[in-house]
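In: quick one, structure for this:
(chains A, B and C)
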Amino acid sequence: MSKRQLAMVMDLNKCIGCQTCTSACKTQWTNRNGRDYMYWNNVETHPGSGYPRNWRKSGGGFDAAGKVKQGHIPNLARDYGVPFEMNYTAALNPRGEREGDALPHLAPLTPPTFGPNWDEDQGAGEYPNSFHFYLPRICNHCTNPACLAACPRGAIYKREEDGIVLVDQERCRGYQHCVGACPYKKVYFNPRFGRSEKCIFCFPRIEQGLAPACARQCAGRIRFVSYLDDADGPVHKLVTKWQVALPLHAEFGTQPNVYYVPPLSPSKLDAQGRPSGERRIPDAELIELFGPRVPEVLKLLEAEREKKKRGEASELMDLLIAYRHEEMFRIGVKK
Amino acid sequence: MRRLLFALLLPLAAIAADIPVQRVDGEPAADPMSSAWLAQAAVAVPLYPQASVPPAMKAAGKGSIKVRAQRGATTLALHLEWPDRKPAASRGVGEFADAAAVQWPLQPGAALPYIGMGHRGAPVALWFWRADGTVETLAAEGFGTLTAQPGDGVKAKGVWKNGVWRVALSRAVNKPAMERMPVAFAVWNGEGAERAGLKRLSAWQTLRFPGATAKVSLPDTASSGSAARGKRLMQAKGCAACHNYPGNPAKPRIAPDLSHAGGLHAADYLAESMREPSKIVVPGKGYFTEQGGRRVSIMPPFEGSEAERDDLLAFLLSLR
Amino acid sequence: MVSRRDFIKSGGACGLMAGLPDELLARIQDPGDPLSSYPYREWEDFYRKELAQTRGNSQGFAFHCSNCQGNCAFRVYAQDGVVTREEQLAEYPQIHPDIPDPNPRGCNKGTIHSQAMAEKDRLHYPLKRVGRRGEGKWRRVSWDEALGDIAEKMVDTLVKDGPGALMVYAGTGIVSQGKRAGPLRLGSLLGAQRLYPSSAVGDMFTGASLAYGIPNVGTSLDAWFEMDYIVLWSFNPNVTRIPDAHYLWEAKWRGAKIVVISPDYNPTAIHADLWIPISPGTDSFLALSLVQVVLAEKLYKEDFIREQTDLTFLVREDDGRLLRLSDLRAGGRDDVFYCWDEAGGKAQAMPGTRGHFRKTLRLGALKPALTGRYEVKGVDGKPIAVTTVFEKVRAEAAKFAPEATQKHTGIHPDVVRRLAREFAAAHDPGLTIGFSLHKYAWGILACWGQALFCALTGHDVVDTEHQWSLGGIGPLTNPKPGRFGSGFYGEWMGGRMWETFRKHYGGKNGEGPEFARRAGLTPEELVKLAETAREKKWTAYHGQPKVRLLFAENIFRRNKSSAHYRKTVLDATELYVNVNFRMDSSAEYADYVLPATSHYEAWDIRGEVGYHRYANLTMPPPGLKPIGETRSEWEICRLLAEKIQAVAKRRGLGPIPDPEFTVERQGRKEPVTRDLDILHDEFTMLGRINSDRDVVKWLIENVPAFQPWKFEDVVRNGYLTLNGSAGLTSPLYADKPYRSFEEQFHLKKPWPTLSGRQQFYIDQEVFLRLKCAVPTAREPLHPAKFPLKFYSPHTRWGIHSTWRTNKHMLRQQRGVPHVNLNPKDAAARGIRDGDTLRVFNNVGEFTAMAKLMPALRPGTLMMDHAWEPHQFVKRLGMDEPVAGLLSPLELAGGWGHLQFGAEWDGNQLAYESSVDVAKA
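Out: As a prediction, this is how the structure comes out:
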């Protein structure tokens, strides 16, 4: 067991689906070296197929007996989506080098059939009561990682000092058992290097006192990063003290260390178009993701919001507001 | 003190074949399609699905590989041939390439390394070929410890034609005094997503070099006990609670699968495993506990009569 | 790496056989249980080295100078002169402990620009067209050759046809003070024409101009955090205000109620407390209903409206004109207006109007009546029946009770009443509208109605898009008077847009009864009104230019009825030069394409956007290697000026009089001259400003709102904080969010309107003719002959067309243009998600992928805007079926504060066309 655990909380009530985190991660790590197809960080519209496609039904995790389950390895074209190779030169001829006749229109060389945000904003339900929200996902740096359990070589480990789960890039032999076993499908096979890679929680940045790129660059200010046991850190306060941040699919059995503040949603409209007062995201939809405590968490959020509105103090609301960006991250703290 | 190992190491597995090494002028052909290879008689070696350690093969399919060996002026070469309906030559996301490996014991000792890539204190070396062009020398001392070694001149070339892979592997050797050498084989079928422990492997075989003094008689392939009684004892002695084997309806996965125990293991290894389970510990998760840095098998030493042991042994040796 | 157990082999025959010496065997790794500890961690340097690589060995600063109002400070990293990555600076200070700081700002697009700047669509060299326009055949030429040719043609044209035959136009792809300075200065010195970009793209808040005299009003966006009731109307900040949207959701946690009004359940609505779906283009009805509820339920604040609005002004009952001094006294001014003073029982001139000597809103002893009918004695002695604007407003609003407007808006009356009551009762509510609203014909009325609603409830103003007043830039960008033309009107004329307008709205025989009923005039009358607007100089149009020098101006992407527009414009253009950093849909039709530096490669500064109080700097990382032969806009203009000067000297040209403009010299009016023979000397201020860096330095030294920052400090900091003078109508306090019009609300200074107050009565002839003298409502103009209302709001994947074709952004979408429609509309046509569709009407058509979205209102077709035409099959873009259309009210002018200029110009309308779709 690692001695400490660095963890993240994402407030889904503040996520605007802008994918700045995705861009930040891409330029930090995955725009090169065979990682181009990967999104260590993605933001998916929920309900939806997610990324990779139907990951929630892809298997993996642990069974009731604690045995790791082999899940499916997603298919590159069907489930991840192939990175677009654009015909910039042929269609635009920007250096004046082209010879020949008609310009084709600018498009990916292979007609796209899927991508990491393919069903953006589609959601479910019927107008005017459709519903959706954004679910950003990174590796959960689980306390009991299925990828680690599934690696026959023991090439995946949890760092003792911060609980970050890493795939040893020297020992990995690219067997991809981890890819199938991760129930969140957050390990990716690198076809160029022939080994698996995943979100590294930006550990080289952490070591320099910098928050992970996805968190520091999050324009919606939804991500908090600190050690779970750091009582002064926002993560501890939201997860342990206020208990409003919940793990995603805890039933997978991996004990994930990324937590989510579940989203409130606008009122439903009745047949005449009047607000019914009922939240339009069905509780069941959220419970399926975040477990049975969702209704009480939403109630607590509303109650604290009311307090704040009345001018009373609310540590919880102040935390979620995050008055100072830099205070969302406590990563250099010794216990 | 340097000894020739083969004398100590034999008998090998229950069904160990004797693979003669043919002396050639010059060096063995690098091309596996060369008539110099194909004209030579091959020895068929049975392959069994790896089921001792997860991730284990689900398919119960056995296989077979044809082996030829040649010794040139400076190199030793092996020629492997096995059927594969479709070649898988590249690796990608969820895509795996066909591969084969030759395994050698490394550590002189009283017993051969565990067939599954050796065990602690008994390392093995491997020549590894994969259809994506990878050729490596690896070493291991038990499942999960496979470690790439710096290139040592191992060469390999594989050709797939008409449903058959043929691979020639070779390396310079400088030990002309050898007479016999244990060797084992493994094959991975890429389009079946076989990689790592998902493979078919052979028991330890014998490579007989030119000029070996005598043909050593192969060991007994049967115990003096009764396999039928042994099968009943598997239940009575509690083996069935942890080990899977044909006829065990519980299909437990607590300990290594014994479905092909007789095909992969020698009688003395099986006997030793019963007598002293912690001597060679199969490195599967949950198969052992760590005690003072030492791995202690969760299996209790066999308690029973010699006759019972022989019956069990007879049963296990029948599993091929 | 050593095995943890570090065992030593004793050596043996087999080892030698396998060729592995003992020391190698020692490398066998046995990780044990990696959940408890792991022995082989040296490899971790692998990722540490990658991080070091992305952080490079030199750093600069940047923001992204596209037409994005976000304006976010970034740090730019370069390794050995090549940009590797960017990251938000995130170092803005918190202005007050009770208000969240603005960090980190930034968005998906800015965060990917390090990739886009090196993409294969990047221009590297000057290109000269060798095929037909748009054919894509080019010859690489030197800067010298390109600029030499261009200079010759420009001099020819100026001498032969006058300066107005030239257009030098800095488009919306560059909007920062640094990058714009070059083309603005060059155009100004030459007397070339340019269009007003905000109008050309349809970003004028004309409704706000009617009410407040200026279009861009409201707050800095951190003010959201202080509000307790926030209405976001036709506004989708989760997509379009990515860096600032957090203030909304932080306000929500602070207790604010958030209401979103939009046709679709948009990405902002998902976090609101209430989403009010509205039928597209019917916003004026909702606005008037809110007004009606406030009036009927007497929720209005009388003192506030007496002082701050023109609702007490008297209106003649006979001709519907405001009562003026000229009505009462021969030779009297027509900009002095009257109220009925209840204290004195007679009409009294209201202070604070344009013509009144008292420049204050203070009423003193006056008690202006809100209601009633009165009589005053006219200049001829005859009585004039008058009433108040308030009465007029109330009478008009009475037509629009929530029950009456439901059939237009689709909104239940209970919802409207509740919204009106809650807003009126809120302590500090805000109503923010987006750029979408004025892309409907009656956005102007909707916004004016919203302004009235805010005024009646005593709550501030409609928040449009507040901008700072930087000042001091004129000597750099406008050294001589230039030809500034109306944007929407210039494009209408240049593209002969009336032709597609007639086709779409006019019907077979040129009549348009449907249009006439809704608009209050026939299509032909609208075309004629456009002519009138030009003749009467209500707007400014300088004719079709013969030479177009466009900087980052994607005209062929954004203009409506695209192919028609493009042909018309190209046919009239003898020389078309496009300066750009990438080959966009407009550059590809040019005669010359000149490669410009992109956001990280030249010095720049931007500070006018009022969302936050920081002016951001671009400083290229030291040692940055240029991409190809790219040059900054300033440098390009300077080199062109040099060439023009050389040509002029060679031809012996002296000062060329431009009699359209005069200057005073020694008490005499003389024509402005265009001095081509000294153009370069003028351009560089006699060699003082030669580079983009010089421009930035000049701006920091000369813009009052930038003081007291020193160039060296900004270079260290990456941004500067604007001082208090940046506020136009209020001071910018160091520790408070900005809110406009404090000078009016608190110091009682008059508003920049004719009435000196918030204006809700306009008796300009067009307004009177269309019965729009007070805020009212009109039906949208979508022709019924096509069933789907087509609208195209801002995408989150580009700033207009910038980054629209970037592969990283495309991967977050469908990769190809897609249209969104409700599953019911799709099912009725047998359309499934992912199908290829033909979108068509009688103006044009295009092909796109279908995306089915239950969030979309049935009967509408929505498409994220700004796909480049060259991303579509046959290069027929999404604006092909969008007909030309102008709002008749926006053609009005020559009245009070409705005078053409930066504060009053119209919009190219985008959302009033109807289409149908079918599987292709």
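
In: identify the bridge partners of A:Pro275.
Out: A:Leu269 (DSSP bridges).

In: what's near enough to touch it?
Out: A:Pro275 makes contact with A:267-269, C:274, C:415, according to Cβ atoms under 8 Å, 6 or more residues apart in numbering or on different chains. (Glycine included, C-beta is placed from N, CA and C.)

In: where in the stretch 201-335 of chain A is pLDDT low?
Out: For the stretch 201-335 of chain A, applying pLDDT under 70 flags the ranges A:333-335.

In: all helices for the stretch 451-600 of chain C, in order.
Out: For the stretch 451-600 of chain C, applying DSSP state H, counting those that start in this stretch gives helices covering C:474-477, C:487-494, C:498-506, C:513-519, C:523-535, C:555-558, C:562-572.

In: closest one to C:Pro780 among those helices?
Out: Closest to C:Pro780 of the helices of the stretch 451-600 of chain C, according to Cβ to Cβ: helix C:513-519, at 7.4 Å.

In: identify all contacting residues around the closest one.
Out: C:441, C:505-507, C:522-523, C:525-526, C:770, C:778-781, C:783-784, C:888.

In: could you identify the most distant pair in the contacts of A:Pro275?
Out: Maximum pairwise distance among those (Cβ to Cβ): 12.9 Å, between A:Lys268 and C:Val415.

In: neighbour count winner among these two?
Out: Taking neighbours as other Cβ atoms under 10 Å in any protein chain shown, A:Lys268 and C:Val415 compare with C:Val415 leading, 24 against 19.

In: the host helix or strand of that one vs chain A: in contact?
Out: Element membership of C:Val415, judged by DSSP states H and E, is helix C:413-425. Yes: judged by Cβ under 8 Å from any Cβ of the partner chain, helix C:413-425 comes into contact with chain A through C:414-415.

In: just checking, what packs against whichever helix or strand comes after that helix?
Out: Per DSSP H and E, helix C:413-425 leads on to strand C:429-433 as the next helix or strand towards the C-terminus. On a contact count with 3 or more Cβ pairs under 8 Å, 6 or more residues apart in numbering or on different chains; DSSP states H and E, strand C:429-433 meets strand C:229-233, helix C:443-456.

In: nearest to chain B, of the ones you listed?
Out: With Cβ to the nearest Cβ as the criterion, chain B lies closest to strand C:229-233 of those, at 42.1 Å.

In: for that closest one, give me every contacting residue.
Out: By Cβ under 8 Å, 6+ apart, the surrounding residues in contact with strand C:229-233 are C:224, C:248, C:251, C:256-262, C:268, C:272, C:283, C:419, C:422-423, C:426-434, C:437, C:450.

In: tell me which stretches of the stretch 201-320 of chain B form strands.
Out: B:205-208, B:288-291, B:294-297 (DSSP state E, counting those that start in this stretch).

In: of these, flag the one that's most buried.
Out: Among these, strand B:205-208 has the highest mean neighbour count (mean count of other Cβ atoms under 10 Å in any protein chain shown), at a mean of 23.

In: counting contacts, what elements does that strand pack onto?
Out: Secondary-structure packing of strand B:205-208 (3+ Cβ pairs under 8 Å, 6+ apart): strand B:18-23, strand B:180-188.

In: export the helices of the stretch 451-600 of chain C to TSV and tack on mean pLDDT and mean neighbour count?
Out: Shown next, in TSV, are these (pLDDT from 0 to 100; neighbours: other Cβ atoms under 10 Å in any protein chain shown):
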stretch	mean pLDDT	mean neighbour count
helix C:474-477	97	16
helix C:487-494	97	26
helix C:498-506	95	23
helix C:513-519	95	17
helix C:523-535	97	17
helix C:555-558	96	26
helix C:562-572	97	19
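
In: give the contact list for C:Arg693.
Out: Applying Cβ under 8 Å, 6+ apart to C:Arg693 gives the contacts C:Trp603.

In: state the helix or strand in which it lies.
Out: Assigned by DSSP H and E, C:Arg693 falls in helix C:692-702.

In: what mean pLDDT does that helix have?
Out: Here helix C:692-702 scores 98 as its mean pLDDT.

In: and what of stretch C:815-830?
Out: Stretch C:815-830 comes out at a mean pLDDT of 98.

In: how far out from the middle of the chain is that stretch?
Out: Taking Cα atoms, centre = their mean, to the nearest Å, one finds stretch C:815-830 lying 29 Å from the centre of the chain it belongs to.

In: out of the contacts of helix C:513-519, which is nearest to B:Pro256?
Out: C:Pro780 (75.3 Å).

In: what is the neighbour count of that closest one?
Out: C:Pro780 has 20 neighbouring residues, counting by other Cβ under 10 Å.

In: so which strand or helix has it?
Out: Per DSSP H and E: C:Pro780 is located in neither a helix nor a strand.

In: name the nearest residue to it, sequence neighbours excluded.
Out: Nearest residue to C:Pro780, sequence neighbours excluded (Cβ to Cβ, 6 or more residues apart in numbering or on different chains): C:Gly281, at 2.9 Å.

In: so can I have JSON lines of the contacts of A:Pro275 showing distance to C:Phe846?
Out: JSON lines is the format used below for these (distance: Cβ to Cβ, whole Å):
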{"residue": "A:Ser267", "distance to C:Phe846": "37"}
{"residue": "A:Lys268", "distance to C:Phe846": "36"}
{"residue": "A:Leu269", "distance to C:Phe846": "33"}
{"residue": "C:Leu274", "distance to C:Phe846": "36"}
{"residue": "C:Val415", "distance to C:Phe846": "36"}
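
In: contact partners for the residue nearest to C:Lys392 when sequence neighbours are not counted?
Out: For C:Lys392, ignoring the flanking residues on the chain, the nearest one in space by Cβ to Cβ, 6+ apart is C:Val774 at 5.0 Å. Applying Cβ under 8 Å, 6+ apart to C:Val774 gives the contacts C:389, C:392-393, C:396, C:760-761.

In: go through those residues and name the one nearest B:Ala168.
Out: The closest of the contacts of C:Val774 to B:Ala168 turns out to be C:Phe760 (Cβ to Cβ; 93.3 Å).

In: wait, a helix at that closest one?
Out: No: assessed with DSSP: H, G, I helix; E, B strand; the rest coil, C:Phe760 is coil; it does not lie in a helix.

In: how close does it sit to chain B?
Out: C:Phe760 sits 64 Å away from chain B, going by Cβ to the nearest Cβ, to the nearest Å.

In: right, and that residue touches C:Leu311 too?
Out: Yes: using Cβ atoms under 8 Å, C:Phe760 is in contact with C:Leu311, at 6.1 Å.

In: identify the contacts common to those two.
Out: The contact sets of C:Phe760 and C:Leu311 overlap at C:389, C:393, C:455 (Cβ under 8 Å, 6+ apart).

In: determine the number of other residues adjacent to the closest residue to the first one other than its chain neighbours.
Out: The shortest distance from C:Val389 to any residue other than its chain neighbours is 4.3 Å, reached at C:Tyr761 (Cβ to Cβ, 6+ apart). When neighbours are defined as other Cβ under 10 Å, C:Tyr761 has 26 of them.

In: low-scoring stretches of the stretch 151-300 of chain C, by residue?
Out: Residues of the stretch 151-300 of chain C that meet the cut-off, pLDDT under 70, do not exist.
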